[in-house]
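# Quick one, what's the 3D model for this:
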Amino acid sequence: MMPMLMPMTMTRFMRSITLLFLLALVACGGGAGELQVSDVWVRPVSEGMPNSAFYMKIENQTGEEEALLEVQSDACRVTELHESHLAEGDVMHMEPVPGGRIVIAPSETLALDPGGLHVMCIDAAPLQVGEEVSLTLVFDRAGELPVTAVVADAAP
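Predicted coordinates:
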């Protein structure tokens, strides 16, 4: 009788382990997507031109709204989320993003490009074409995400 109980107990045990594993995956967000950051670059900085800007693409595959809250980099004294737009008289005007955050809808790819949304790098260290700059993107839900920007005159 003992040999008959053993296989049945092992089957229940394996089912229980499988169920616990699946529950753990759901609780940890297994199967949920992630944020993908690509084409990160920054304009060169030379003496007399102390400011620059970071540009990139951020793809939100998380299934939930996400927001970029700030960007940190040792290459800049200050970073700010900015937006450029045409003002009266066809003059390009730049200002901090209203609310201080850039929202990225689920399944959306947000482009931070010249002439639009970007990250200002104020009082930047000298940056030469071809160098790399480390920065940390800080998101509302995902937290901190380190990326590397290439110094370039134009998008990669």
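# domain assignment for this protein?
What the record gives for the chain is the domain set 1-31, 35-151, from automatic domain parsing.
# just flag whichever of the ones you listed has the lowest average confidence.
Lowest mean pLDDT within the domains of the chain: domain 1-31, at a mean of 43.
# F139: neighbour count?
Counted with other CB atoms under 10 Å, the neighbours of F139 add up to 20. For glycine as for every other residue, the C-beta is placed from the backbone atoms N, C-alpha and C.
# Dig out what the residue lying closest to it once chain neighbours are set aside forms beta bridges with.
When the adjacent residues along the chain are set aside, F139 lies closest to E66, with 5.5 Å between them (CB to CB, 6 or more residues apart in numbering). The partner list for E66 in beta bridges (DSSP bridges) reads I104.
# Check which helices and strands the strand of greatest length in the chain is in contact with.
When the chain is parsed with DSSP state E, its longest strand is strand 76-87. Identification of packing neighbours for strand 76-87 by 3 or more CB pairs under 8 Å, 6 or more residues apart in numbering; DSSP states H and E yields strand 52-60, strand 66-72, strand 91-96, strand 117-124.
# The longest one: how far from the chain's middle?
On the basis of CA atoms, centre = their mean, to the nearest Å, strand 52-60 sits 8 Å off its chain's mean C-alpha point.
# Show me what that strand is packed against.
strand 35-42, strand 66-72, strand 76-87, strand 109-112, strand 117-124, strand 143-151.
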